[in-house]
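1. sequence-free structure coming up:
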C-alpha cells in the first residue's frame, strides 16, 4: 500500500501500472496524454514539481510523463 | 388532469403485421395473427365483459364472462383464449350471451360481500363494473351469508406495510397469481386448494410479509376487486386525478401515474405507456414515496458560521446572500480554483445543467463533478474509448430479443428490479444466462430461472475473466470476421494481444478461481448462442480496473458482432435514476454537456457566446481530487447538490477530514444528512414530486418529471442555483425548466430535438435526438459507431493493490438490497425498513464457523482504514473468503471500511474489494453496540 504518498504520485503510479507492459517512452506518452485531458492544472503542476526533485517514489514512466507535461 | 385510466385490451398485443381481418359486431378490424378475439374487439372499439383477463397477462379463460358467438364455431367460446382467424364473424352481445354472463355474475356475487358503498374499491371495482355491464338485477341464490357456504369469514392479511389482502372479497380470478408469475417473475403466490376451497395463498400459506413476495405491487394492480388494495387507498379513499411523472430511484426510470385527491398523493401506479417499465414497478417506486412528506424534511434555509454552532433558520434571501458572499470572499483569498460543486443524479437534467453552468460561468473554473464519479464514470470512459459514446447501446426492450444474456457484476432483481423482471421473463422464454459475479445472486438460481454458467470469480479479477473469454473467442475461431472487418479498427493488434496464452482460461484459473472449462463453455455460448447481450453494474465499474473492464466487455461484444441491432449490446445498469443525465449535462470536470472536452475551442466558443464569459480550457477537480485539495488547503468551498458524500464516498476518515477542512460547505438536500453535519449552509431541496424537469435513464430515455405538487420550499432547485449566480454578480435567469431544456437543446447536438413540448407529446425520447435521428435512438451504433469505427483496446489485467493478508484475510464487497436505496436517506424514511432495518454482513458458513460466528451474532468488521459492527448472516450465496454488506444505514457506516483505491482512469472508488477481518463481538459488548469508527483499526 502507498498510503503515505502524495495523492498525485499515487494516482500517477496507478495510471503508469496500466501501461507498464509498453516500452517506457510509449507508456510515458500515453500517461501524459491521459493526464492532460483529465487532471486539474494544480495536480499536473504538483506532479511536475515532484518529478523535478528526482524523487524515487514515482514510476519511471510517470516521471517521464511529468516531464512531457511541462 | 382527471384520473387517468388506461384502456385495457384484455390480452397482450401480438407482434407482427396486421394481416388478419375479421368482423366483430359488424365492425371490420385488422389485427396481427395470434391476437385474441377479445383484443380484436377492443381494437374495433367494442368492450367484451371480462374479469380474469387483463392485457399484461396471457389469457386464462376462467371467468367465462367474455364468451362470444363465432360463426362456424360451436358453443360460446371465451374471447380471451380464442385467437382470431381470417374472415371470422364475431358477435359479442345477444340475449343468449347476456343470460350466460348474468348467470356467471350471479355465482360471483352470491359469494361476495355487498358492501359496495363502504368498500375501498368503490368506483374502481371491475366486479362492480361487470354487474352493471351485464345488467345484473337479481341473484337467485341470495348473496353473502344468505347464500350458504361462502368465504365471507376469511381473515384479512394486513402484514404487508403497503397493501392489505382482504380474502373475503377474492373472486379467485388468478390475476394476482399470474401477475406475480408472468410480470414480476417471483412466483410468490398460488391458488391453494381445489374447487370451492380454492383461495389465493402467499408462499406456503403464511402471510404476505413472510412469503417471497417482493411487494412490487403487480398483484395489487392486477386485482379487479378490493381484495388486494393499497393501505393508502383504504385510508384516504380513491384518488381523483393523475399526473404522469418519473420515479426518482434507480436507473430504470419507471413512469408512474401519481394519483391524488386534491393535493394529497394517494398512490403511485406504474404507467402502462411508460417506455422503460411498460406498467411494472418495484417496491421502492410503487410504495416508498413517503419520505417526500416525512417530518425530517428541511423546508427552510439554515446557516451557521461554524459547524460547532447551532443551525439558524434564515430567509432565502439571507441564505443565498451568505452563500454568494462567502464564495466570493474565499475566491478572493485563495483564488478562482478554490471553490467547486458536486451535482447529483437524484436531481433533474435542468438542475444539473444550471449547477455546471454556475461553476463554469460564475465560479470561473471546471471544478464540477457528479456522483457518477463513484459509480459509472468508468462506463463513460470505457465506452467512449471503444464506441465513441459514453452511454449504453440498447433500450430495455431489446432484451426481449436476446438469446444469451451475460450479466456481469450486477444484481438486477435487487438493484434494477423492473428490468430484472423483464430479463427473467426472457430467460423463462428460453434465453440462456451467464452470470459473472462472486455472489450467488437470485439470478443464478431462483424459481424457473437458472444460469447456464455462474462464473463465481474472485473479487477484483474481472479483467482477467473477460480477457480469458475473449481469448477463447479469438483462438477457437469464434470471431465475427465480417463485422470486425467492416465496423472496427485496431483489431489485429488486439487479436495478437488477446491470443497470448497468458490470457487463456487455464492460465488465469488460479487468479479468478473459476475452472477453465466453465470459462470456455461460457465464452462459446456467448459467441455462438445467437444474440448476445451484456448487462453490467457496479460490480464492473467499482474496481481499480473498472475502465479496463468496460473496454474489455466492448472488445468481446465487437469481436462477436454483438453490437448494433436489437437483442445485443453493452448495457450499463445505472445506479440512480439520472446518472446518465447528470453525466450528459456536463457534470464531469473535463467535459462540457454532451461529453465534449473543455479543451475543444469550438465547443467552448458556443457556450462563451451564449453565456457571455470566457471558459477555462483545463479540466477541474474530480470529487476525490477535491477531497485531497481540501486537505492540502488549496480547495476551500464546496456546493453539494443532493448528495450525501459523507456517507456514500469511500474511506470515511479521509472524507471527514476533507469536509472538516473546508471554509464553506453548502448542502442542498431534503434532509440534514451526514454531509450536512459539516455544512455551513443548508438549502432545502425539492423531492421528485415537486420537481419540474427531466430525468434520463440508463437506456438514454429522457422522461418528464412533472410537479405533482408545489415545491414545499417555495422554490425549484434550479431557481436557487440561479439566485446564487445572480448574487455572485452573474445574470443567470430562466422563467421555467422548459427554458433550460431549450438551452440544452440549442447547445448540445445529441439533445437538439428535445423539448418539453415534444416530450409531452410523444412521452419520451432516447438521445441522440437530432437531424440525423429525429425520433431518437433506441439502438446505438447500428450502421457505424459514434466514433466511426469501433476501436479494440488492449486490456492488460493489473491486479488491485488491495490484497487479503493474514491480518485482513477476507475480501469485503458492498452493494444494495431491493428494499433500500443507496445511503437510505429516502427509503429509511419509509415503511421499507420493515424488510431491511439495518445493514447485515453476509459471510460463508465456513468463514463463520472458523470464527465461532452464528446467525445474528454481532461482529466487528475491520479493514486497514476503519472498523464497524453489524450483525452477521451466514449464507452460501457468498463464496468462501468473501463477505458482503450494504451501505444503507449511517449507523453501520460501511464506508469507514472501504479504502481510497480507485479506478486508474476515472478514480471511481474500488468499493468492491476491501481486505477485512471479521471477529465475533462478545455478547456483553454487542449489547452496547459500537458506532462506526474511522481510523486505523489496529
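-> Thanks, I have it. Since the model is a prediction, treat every value here as computed from it, not as a measurement.

2. give me the residue at the spatial middle of chain A.
-> residue A:62 (3.1 Å; CA atoms, centre = their mean).

3. quick one: contacts for residue 57?
-> Reading this off chain A. Shown in contact with residue A:57 (CB atoms under 8 Å, 6 or more residues apart in numbering or on different chains): A:5, A:9, A:13. Any C-beta I mention is one placed from the backbone N, CA and C, and that applies to glycine too.

4. the intended chain is chain B.
-> By CB under 8 Å, 6+ apart, the residues touching residue B:57 are B:11-12, B:175, B:178-179, B:182-183, B:222.

5. surely the residue nearest to the centre of chain A and residue A:14 touch.
-> No - taking CB atoms under 8 Å as the definition, residue A:62 is not a contact partner of residue A:14, at 9.2 Å.

6. picking that back up, and of the contacts of residue A:57, the nearest to chain B?
-> Each of those was checked against chain B using CB to the nearest CB; the closest is residue A:13, at 9.5 Å.

7. any low-confidence regions in chain A?
-> Along chain A, segments meeting pLDDT under 70 span A:1-3.

8. give me every residue in it lying close to chain B.
-> A:1-2, A:7, A:11, A:14-15, A:17-18, A:20-21, A:34, A:37-43 (CB under 8 Å from any CB of the partner chain).

9. could you find the residue in chain A that comes nearest to chain B?
-> Closest to chain B within chain A is residue A:7: 4.2 Å, counting by CB to the nearest CB.

10. please point out which parts of the longest helix along chain A sit buried.
-> Assignment by DSSP state H gives helix A:24-38 as the longest helix of chain A. Under the neighbour-count criterion of 16 or more other CB atoms under 10 Å in any protein chain shown, helix A:24-38 has A:24, A:27-32, A:34-36, A:38 buried.

11. same question for stretch B:412-429.
-> Buried residues in stretch B:412-429, counted by 16+ other CB under 10 Å: B:412-427.

12. so which bits of chain B are right by chain A?
-> Within chain B, the residues that sit near chain A (CB under 8 Å from any CB) are B:337, B:366-367, B:544-545, B:548, B:589-590, B:597, B:599, B:618-622, B:624-625, B:628-629, B:634, B:794, B:796, B:798, B:801-802, B:864, B:902, B:904-907.

13. are any of the residues you listed buried, and which?
-> With neighbours counted by 16+ other CB under 10 Å, those contain buried members at B:337, B:366-367, B:544-545, B:548, B:589-590, B:597, B:618-622, B:624-625, B:628-629, B:634, B:794, B:796, B:798, B:801-802, B:864, B:902, B:904-907.

14. returning to that earlier point: per-residue pLDDT, the residue nearest to the residue of chain A closest to chain B when sequence neighbours are not counted?
-> Leaving out its chain neighbours, the residue that sits closest to residue A:7 by CB to CB, 6 or more residues apart in numbering or on different chains is residue B:628, at 4.2 Å. Note for residue B:628: predicted pLDDT of 96.

15. what helix or strand is residue B:628 located in?
-> Residue B:628 is part of helix B:623-632 when elements are defined by DSSP states H and E.

16. tell me who's in contact with residue 15.
-> All of this refers to chain A. Contact analysis of residue A:15 by CB under 8 Å, 6+ apart lists A:31, A:34-35, A:62, B:904-905.

17. you answered for a different chain; I wanted chain B.
-> Listed by CB under 8 Å, 6+ apart, the contact set of residue B:15 reads residue B:32.

18. need the three-state assignment for it.
-> Following DSSP: H, G, I helix; E, B strand; the rest coil, residue B:15 is assigned to coil.

19. residue contacts, residue B:32?
-> Contact analysis of residue B:32 by CB under 8 Å, 6+ apart lists B:13-20.

20. er, residue B:112 I mean
-> B:127, B:143-144, B:169, B:171, B:225.

21. what does residue B:33 give?
-> Residue B:33 is in contact with B:14, B:16, B:19-20, B:83-84, counting by CB under 8 Å, 6+ apart.

22. likewise for residue B:533?
-> The neighbourhood of residue B:533, defined by CB under 8 Å, 6+ apart, consists of B:394, B:398-399, B:402, B:404-406, B:562, B:567-569, B:571.

23. show only the entries of those found in helices.
-> Among the contacts of residue B:533, DSSP H puts none in helices.

24. drop anything exposed from those.
-> By neighbour count, with 16+ other CB under 10 Å, these hold B:394, B:398-399, B:402, B:404-406, B:562, B:567-569, B:571 as buried.

25. among those residues, which ones are in strands?
-> When DSSP state E is applied, the buried ones among the contacts of residue B:533 are split such that B:404-406, B:571 fall in strands.

26. out of those residues, which is nearest to residue B:113?
-> Using CB to CB, residue B:405 comes nearest to residue B:113 of those, at 45.7 Å.

27. can you pull the contacts of the closest one?
-> B:399, B:423, B:426-427, B:431-434, B:533, B:535.

28. same list, these, but as a markdown table with pLDDT please.
-> Listed next are those as a markdown table, based on pLDDT from 0 to 100:
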| residue | pLDDT |
| --- | --- |
| B:399 | 98 |
| B:423 | 98 |
| B:426 | 98 |
| B:427 | 98 |
| B:431 | 98 |
| B:432 | 98 |
| B:433 | 98 |
| B:434 | 98 |
| B:533 | 98 |
| B:535 | 98 |
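
29. what's the closest of those residues to residue B:77?
-> Proximity of the contacts of residue B:405 to residue B:77 (CB to CB) peaks at residue B:426, which lies at 30.7 Å.

30. coming back round to it: now the longest helix of chain A, how far from the chain's geometric center?
-> Counting by CA atoms, centre = their mean, to the nearest Å, helix A:24-38 is centred 8 Å from the centre of its parent chain.

31. count of neighbours near residue B:764?
-> Using other CB atoms under 10 Å in any protein chain shown, residue B:764 has 22 other residues around it.

32. quick one: contacts for it?
-> In this structure, residue B:764 makes contact with B:255, B:274-276, B:701-704, judged by CB under 8 Å, 6+ apart.

33. 7 Å - rerun?
-> Residues near residue B:764 by CB atoms under 7 Å, 6 or more residues apart in numbering or on different chains: B:275, B:701-703.

34. farthest-separated two in those?
-> The most widely separated members of the contacts of residue B:764, counting by CB to CB, are B:275 and B:702 (10.0 Å).

35. out of the contacts of residue B:405, which is nearest to residue B:356?
-> The nearest member of the contacts of residue B:405 to residue B:356, counting by CB to CB, is residue B:535 at 29.1 Å.

36. ok, what's across the strand from that closest one?
-> With DSSP bridges as the criterion, residue B:535 is bridged to residue B:407, residue B:571.

37. chain A versus residue B:664, what's the distance?
-> Residue B:664 sits 19 Å away from chain A, going by CB to the nearest CB, to the nearest Å.

38. what does that residue show for phi and psi?
-> Main-chain dihedrals, residue B:664, degrees, to the nearest 10: phi -150, psi 120.

39. tell me the bridge partners for it.
-> Judged by DSSP bridges, the bridge partners of residue B:664 are residue B:637.

40. domain parsing for chain B?
-> Here the domain parsing of chain B from automatic domain parsing is B:20-143, B:156-293, B:302-375+B:578-766, B:378-572, B:810-934.

41. lowest average pLDDT across those?
-> Of all these, mean pLDDT reaches its minimum on domain B:810-934 (a mean of 91).

42. that domain: how far from the chain's middle?
-> 22 Å.

43. count of neighbours near residue B:43?
-> Using other CB under 10 Å, residue B:43 is surrounded by 18 other residues.

44. sorry, that was for residue B:450
-> The number of residues packed near residue B:450 is 13, by other CB under 10 Å.

45. so it bridges to which residues?
-> Per DSSP bridges, the residues bridged to residue B:450 are residue B:445.

46. so how far is chain A from it?
-> For residue B:450, the distance to chain A - CB to the nearest CB - is 37 Å.

47. show me what the helix or strand residue B:464 falls within is packed against.
-> In this structure, residue B:464 is located in helix B:462-475 according to DSSP H and E. Under the contact definition 3 or more CB pairs under 7 Å, 6 or more residues apart in numbering or on different chains; DSSP states H and E, helix B:462-475 sits against helix B:491-499, helix B:505-512, helix B:516-528, helix B:546-559.
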